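Novice: below: sequence and its predicted model.
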Amino acid sequence: MPTPARVVVLPKASGPLEIIDMNLPDPGPHQVVVRQFASGICHSQLHQMHTPRQAPVILGHESTGEVLQVGSEVTHVVPGDTVLVTWVPRNATAGGRIPLPAMLELPGGETAGSQNVFTWADHTIADEQYVVKVGSDIDKEVTAIIGCAVMTGAGAVENTAAVKAGDSVAIFGVGGVGLSAVVAARTLKANPIIAVDLDDKKLAFAKQFGATHTINASQTNPVSAIRELTVREDKRTIGMQPVSGADFVFDCIGLKQTMEQIVPSARSGFFGSEPGGTAVLVGVPMTSVELNASDILVNEKKFIGSIGGSCSPDRDFPKYLDWFEQGLLDLNQLVTERYRIDQINEATDALASGKIAGRSIMVF
């Protein structure tokens, strides 16, 4: 039976986001219909909103909810289960089937597309690969951000970079993703953990999550500041200078400037016998980048990407829920703003203007 839903739609033409009342179709064989409790409001949706498009777009890619209907081939969830919806396949090797992105036929006949899923809606329909079963006793609001913000930031530190105890870490951008990276670095016992941002309030907030040092990049050169904090007088570069720089540097923003700062902020190699540090791109880039190839070569540095924190949701989501239960990941503190679906334009304006300290969510 079709499911009534209120869905946020980005129209083909310019203008504000629209909220459309419509009916979701019955699920196909591999689909799940979910009544949603809350959805994260991610900065990457701003990129979608500012990108030219040929058709309407449905947005959002992290949420909590309850299963209402399942397709005939779905076996891992049943109606009544509590789930997290995410944009990364929960088990990409399962059956070798490629999950399909959600598409909706809107009232009036236009078709709206998504990047895998849409969660800015009080109900959604998604391929079963994007739906992860969790315990029914979880907090059904703040856990909505595990499906992107937590996964992307924490996973980049733990999975992509494989940070170990004692490694030095610097994190550019301490919004929801960057703060999740800070939490993971603290949990893995990295030291120091250096937070870089333009906002003193966000930097103070990052200290509450485990940052040991903060740098306001509007007041000082962050590359120089990071290198000053990480000097190793007992080691020398190939140029016979003291080794400095963080073992791992994460860009959780994706601006041209920050992408070009993370490589020189990474540790220099040790005279050819020990490789240099690793710069990890986590934020979504919207521009090209110029890197110092000589620095990468001579100091044996790496510049790598991390998409979705290199996460496997079936494996990683239970762990992040455990971190929450143990008090290692304070989602109640990380979620700093709540909005209703009717406030979605207000919510995206606040995000675009830098008014969200941690992560904002839409509560249904």
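Specialist: Alright, I've got the coordinates. A quick note: this is a predicted structure, and the numbers were derived from the prediction, not measured.
Novice: CA only for contacts and neighbour counts going forward, please
Specialist: OK.
Novice: residue ranges with poor pLDDT in the protein?
Specialist: 94-96 (pLDDT under 70).
Novice: identify the single longest helix in it, thanks.
Specialist: helix 313-326 (DSSP state H).
Novice: may I have it exported as CSV, CA atoms only?
Specialist: Extracted in CSV, the C-alpha atoms of helix 313-326 (Å, rounded to 0.1, in the frame of the first residue of the first chain):
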residue,chain,number,x,y,z
PRO,A,313,28.2,0.1,8.0
ASP,A,314,27.3,-3.4,9.1
ARG,A,315,30.7,-3.6,10.8
ASP,A,316,31.2,-0.1,12.0
PHE,A,317,27.8,1.3,13.1
PRO,A,318,27.5,-1.1,16.1
LYS,A,319,30.9,0.1,17.2
TYR,A,320,30.0,3.7,17.0
LEU,A,321,26.8,3.0,18.9
ASP,A,322,28.9,1.3,21.6
TRP,A,323,31.2,4.4,21.7
PHE,A,324,28.0,6.4,22.3
GLU,A,325,26.8,4.1,25.1
GLN,A,326,30.3,4.1,26.7
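Novice: ok, residues contacting the host helix or strand of Gln261?
Specialist: Element membership of Gln261, judged by DSSP states H and E, is helix 256-265. Helix 256-265 has contacts (Cα atoms under 8 Å, 6 or more residues apart in numbering) with 172, 222-224, 226-227, 245-246, 249-251, 278-281, 285, 287-291, 295-296, 301-303.
Novice: ok, of the residues you listed, which come out buried?
Specialist: 172, 222-223, 226-227, 245-246, 249-251, 278-281, 285, 296, 301-303 (16 or more other Cα atoms under 10 Å).
Novice: which ones among these lie within strands?
Specialist: Phe172, Val249, Phe250, Asp251, Thr278, Ala279, Val280, Leu281, Lys302, Phe303 (DSSP state E).
Novice: quick one: the fifth one from Val223, how far?
Specialist: According to Cα to Cα, to the nearest Å, Thr278 stands 14 Å off from Val223.
Novice: what strand or helix carries the closest residue to Val34 other than its chain neighbours?
Specialist: Using Cα to Cα, 6 or more residues apart in numbering and skipping residues adjacent in sequence, the residue nearest Val34 is Val67, 4.5 Å away. According to DSSP H and E, Val67 maps onto strand 63-70.
Novice: same thing with Asp21?
Specialist: Take DSSP H and E as the rule and Asp21 turns out to sit in strand 18-24.
Novice: need the residues that contact that strand.
Specialist: Contacting residues not belonging to strand 18-24 are listed as 2-11, 104, 106-107, 124-125, 341-342 [Cα under 8 Å, 6+ apart].
Novice: which parts of this protein are helices?
Specialist: 44-49, 149-155, 176-187, 200-209, 222-229, 256-265, 293-298, 313-326, 331-334, 344-352.
Novice: now do the contacts for the residue located most distally from the centre of the chain.
Specialist: Counting by Cα atoms, centre = their mean, the extreme residue of the chain relative to its mean C-alpha position is Met240, 39.0 Å from that point. By Cα under 8 Å, 6+ apart, the residues touching Met240 are Phe271.
Novice: the nearest residue to Asp127 once chain neighbours are set aside: neighbour count?
Specialist: Computed as Cα to Cα, 6+ apart, the closest residue to Asp127 that is not its neighbour in sequence is Gln31, at 4.4 Å. As a burial measure, Gln31 scores 24 neighbours (other Cα atoms under 10 Å).
Novice: quick check: Gln31 touching Val74?
Specialist: Yes - A contact is recorded between Gln31 and Val74 when judged using Cα atoms under 8 Å, the distance being 7.2 Å.
Novice: what do these two both touch?
Specialist: Glu128.
Novice: can you list the domains in this protein?
Specialist: Each structural domain of the chain that the record assigns through automatic domain parsing is listed here as a residue range: 3-147+330-363, 150-308.
Novice: how about those in CSV, adding distance to Lys319?
Specialist: Supplementary listing: the domains of the chain in CSV, determined by distance: least, Cα to Cα, whole Å:
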stretch, distance to Lys319
domain 3-147+330-363, 11
domain 150-308, 10
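Novice: looking at those, which one is packed in the most?
Specialist: Using mean count of other Cα atoms under 10 Å, the stretch among the domains of the chain with the greatest mean number of neighbours is domain 150-308 (a mean of 21).
Novice: just how off-centre is it within its chain?
Specialist: Mean-position distance between domain 150-308 and its chain equals 17 Å (Cα atoms, centre = their mean, to the nearest Å).
Novice: how long is that domain end to end?
Specialist: Taking Cα to Cα as the measure, domain 150-308 stretches 9 Å from start to finish.
Novice: ditto for stretch 63-78
Specialist: Length of stretch 63-78, first residue to last, Cα to Cα: 18 Å.
Novice: what residues are up against Pro79?
Specialist: Under the criterion of Cα under 8 Å, 6+ apart, the neighbours of Pro79 are Glu66, Val67, Leu68, Gln69, Val70.
Novice: state the distance from it to Gly71.
Specialist: Distance of Pro79 to Gly71, given as Cα to Cα: 11 Å.
Novice: and what of Gly113?
Specialist: In this view, Gly113 and Gly71 are 20 Å apart by Cα to Cα.
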